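# build me a structure from this.
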Amino acid sequence: MFDALSDRLGNTFDRLRGRGALREQDVRDAMREVRIALLEADVALPVARDFIAKVTEKAVGESVLKSVTPGQQVVKIVNDELVAMLGGGANAEGGEDGHVPLTLDAKPPVVIMMVGLQGSGKTTSTAKLGKLIREKHGKKAMMASLDVNRPAAQEQLAVLGEQAQVDTLPIIEGQQPVDIARRALESAKLRNVDVVLLDTAGRLHVDEALMAEMKAVASVATPTEVLLVVDSLTGQDAVNVAQSFSDEVPLTGVILTRMDGDARGGAALSMRAVTGKPIKFAGVGEKLDALEAFHPRRVAERILGMGDVVSLVEKAAESIKVEEAELLAKRMAKGQFDLNDLRMQLQQMQNMGGLGMLAGMMPGMKKAKQAMQASGMDDKVLVHMDAIMGSMTPKERANPALLNAKRKKRVAAGSGTQVQDVNKVLKMHQEMSRAMKQIKKMGGMKGLAAMLGGGGGMGGLPGMGGKGMPQIPGMDGQGMGDVDMSKLPPDLQKLLPKKK
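Below you'll find the model as predicted:
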C-alpha cells in the first residue's frame, strides 16, 4: 500500500534532511519532485496542484528556512497537509486523527446501505462490516441482499453470513429490492436487531436505472449510513465513480477495497478532497476480518516512513492471546525457552500480518523492509519455519538437543525443506534461549529492563551498542525505564493501562 509513493517521497526528503541549511529554491525543487510523485501515484491533478501550493507557501517561510532543522520542518508541513488531504487535521470531522466512525447510536434498527458498482467488492464488504459490528461493537446485525440482477448474489451473501456468524434475511424468489428492504426492516424489529446492512445491486457503470433504484430503497429504508464501496485498484476512475454517486445519493462515507494490492494509492489520496466524503474503512485482504478503520494521520505517517505504532499496538492486542503471553512471560522469567515458545511467537507474527506488515508499521524500518525483500526474506520464511517445527515430535520441540543428524533429515523431508533450513531454526532458538538464560541470571524481568536500559538505549543487549538507534518520543535516551508517557502520541496514550 502506497509503496511507490512512499519510496519516492522518502528519497526526496532524505536529500532535504541531509542539508544543514535550505534555500527557497531547494524547497521548490523538492516540491516539484513531490508533485511528480503524486501524479505518478494517480492522484487527481487539481488535488496534487492544491496540495503542492499549500505546502510550498508554508515551507518557504522565514521561520522554516532559518530554523535549526529546516529539512525536518518541511517534512512536518508535508505530513500535516497530507493528513488534511486524507480527511484529518484539527478542524476535520473526525478530529485530529481524522477517522470518522460509523453512526450506530441512533434508534434501532440502524440502517446501513451499501452502494457501488458491480465488481467493487460490495457484498464481501457488507459481510466484513457485519462481522466487525458484531465483534467490535457488540451489536446484533442482520444483512439483506437487494441484488436481484446478479446471478447468485443473494446466495453469496447468505454463505458469507454463515462464515461471519451474522444473520441474513431469508431469500424469497421474485421479490423486488424495495419490498426486500421493507421486509428486512420488519424482520429486524421483530428480532430486536441493532443494525441492518442492505447490500444493494450494482451496475457495470453509473446509469439512471441504478440511481433510481438507490433513491427508491433509500426513501423506504431511511438509512443512517450510506456507504459507497469502490475498488482502489481502478485509481482515478474510482474517484470519478464516487463523484457520480455523491451527486445523486446522500453518501456518508466510502469503503476502499483491495487497498492491500494498490501500490499507488491515488484513489485514497484524492477521494476525500474530490468528494468531501470521509474514507471510513479500507479492505486489506480477502478474509472476512481484513477490514480496517481508515485513520488519515496514521496513513500519512506510514506514507512518509514514520511507521504506525498505534495500529501496531492495536493489531497486537487483537492477535495475541493474553494466556499465551502470560505463559511465555513466566517461562522467560525462569530462563526457559523451547521450540514450542518460538513457534508460538512466529505464529503471532503471522496473525499480525507477517514480517512486511510489521516492518512497515515500525518507525525507521522502511529500509529494513526493503533489505528483507531484496534478500528474498518474506512471509514464506515464517511458513517454512512453522512447517519445520510442525514436523518435529512434541519431545523434540520441548528438548531440541534430541535432534541428531538422522532426526534432522526426517524433519527436513517431512517439511519439504533442507537440513540447512532446520539448522537455521535451531540456531535461532539457541540464540534466543541464550538470551533468556541471561535475563534469568540478571534477575528476571528486572534484568530485561537493565539489558534494555543499562545506561544508553539498547546498550545492554549483546551486539547493540545503542548507536544509530532511532529516538523514541518521550524517551530521554537513558533506556526504557525513563519513558515520559505524556509525550507519547494521544492515540497511544489511550491504549495504556489506566492508573489506579
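# is residue 230 part of a helix or strand, or is it coil?
State at residue 230, reduced to three classes by DSSP: H, G, I helix; E, B strand; the rest coil: strand.
# right, and it touches residue 257 too?
Yes. Residue 230 lies in contact with residue 257 (Cβ atoms under 8 Å); the separation is 7.1 Å. In short, each C-beta sits where N, CA and C put it, glycine included.
# tell me where the model's unsure across the stretch 51-200 of the chain.
62, 67-68, 89-97 (pLDDT under 70).
# meant to ask about the stretch 301-450 of the chain, not that
Residue ranges of the stretch 301-450 of the chain with pLDDT under 70: 305-335, 351-379, 439-450.
# same thing but at 80, please
Scanning the stretch 301-450 of the chain for pLDDT under 80 picks out 302, 304-337, 345-380, 382, 432-450.
# can you give me the helices in it?
For the stretch 301-450 of the chain, the helices defined by DSSP state H, counting those that start in this stretch cover 309-319, 322-333, 339-351, 354-361, 366-374, 379-390, 394-398, 405-415, 419-441, 445-453.
# again with the stretch 1-150 of the chain
Counting by DSSP H, counting those that start in this stretch, the stretch 1-150 of the chain has these helices, from start to end: 3-17, 24-40, 45-59, 62-65, 70-86, 122-136.
# intersection of neighbour lists for residue 230 and residue 257?
Residues touching both residue 230 and residue 257 (Cβ atoms under 8 Å, 6 or more residues apart in numbering): residue 120.
# and the gap between residue 176 and residue 182?
Taking Cβ to Cβ, to the nearest Å as the measure, residue 176 falls 10 Å from residue 182.
# on that earlier part again, how about the helices of the stretch 1-150 of the chain, which one is nearest residue 198?
Among those, helix 122-136 comes nearest to residue 198, with 8.3 Å by Cβ to Cβ.
# can you list the buried residues in that closest one?
122-134 (16 or more other Cβ atoms under 10 Å).
# closest one to residue 76 out of those, please.
Nearest to residue 76 among the buried residues of helix 122-136, with distances taken as Cβ to Cβ, is residue 132, at 33.1 Å.
# contacts only, for that closest one.
For residue 132, the contacting residues are 289, 291, by Cβ under 8 Å, 6+ apart.
# go on, residue 123?
By Cβ under 8 Å, 6+ apart, the residues touching residue 123 are 145, 147, 153, 156, 157, 160, 199.
# which non-adjacent residue is nearest the fourth one?
Leaving aside its chain neighbours, residue 156 sits nearest to residue 123 (5.6 Å; criterion: Cβ to Cβ, 6 or more residues apart in numbering).
# residues contacting residue 144?
Contacts for residue 144 were tallied using Cβ under 8 Å, 6+ apart; they are 157, 168, 169, 180, 181, 183, 184, 196, 197, 198, 199.
# just the buried ones from these?
157, 168, 169, 180, 181, 184, 196, 197, 198, 199.
# now, those that are in strands?
Judged by DSSP state E, the buried ones among the contacts of residue 144 include 168, 196, 197, 198, 199 as members of strands.
# what is the burial count for the closest residue to residue 87 other than its chain neighbours?
Nearest residue to residue 87 in three dimensions, chain neighbours excluded: residue 272, at 4.1 Å (Cβ to Cβ, 6+ apart). Other residues within reach of residue 272, judged by other Cβ atoms under 10 Å, total 26.
# can you classify residue 272 by secondary structure?
Secondary structure, three-state DSSP: residue 272 is helix.
# pLDDT score for it?
On pLDDT, residue 272 comes in at 85.
# one step back: in TSV: the ones in strands among the buried ones among the contacts of residue 144, plus distance to residue 303.
Supplementary listing: those in TSV, determined by distance: Cβ to Cβ, whole Å:
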residue	distance to residue 303
168	38
196	36
197	31
198	34
199	32
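# which of those lies closest to residue 111?
residue 196 (5.1 Å).
# what does stretch 232-244 contact?
Stretch 232-244 has contacts (Cβ under 8 Å, 6+ apart) with 42, 44, 116-117, 206, 228, 230-231, 251, 254, 256-259, 261-262, 264-268, 270-271, 274-275, 277, 282.
# got the buried residues for it?
Result for stretch 232-244 [16+ other Cβ under 10 Å]: buried residues 232, 233, 234, 235, 236, 238, 239, 240, 241, 242, 243, 244.
# buried sites along stretch 156-167?
By neighbour count on 16+ other Cβ under 10 Å, the buried set for stretch 156-167 is 156, 157, 158, 160, 161, 164, 166, 167.
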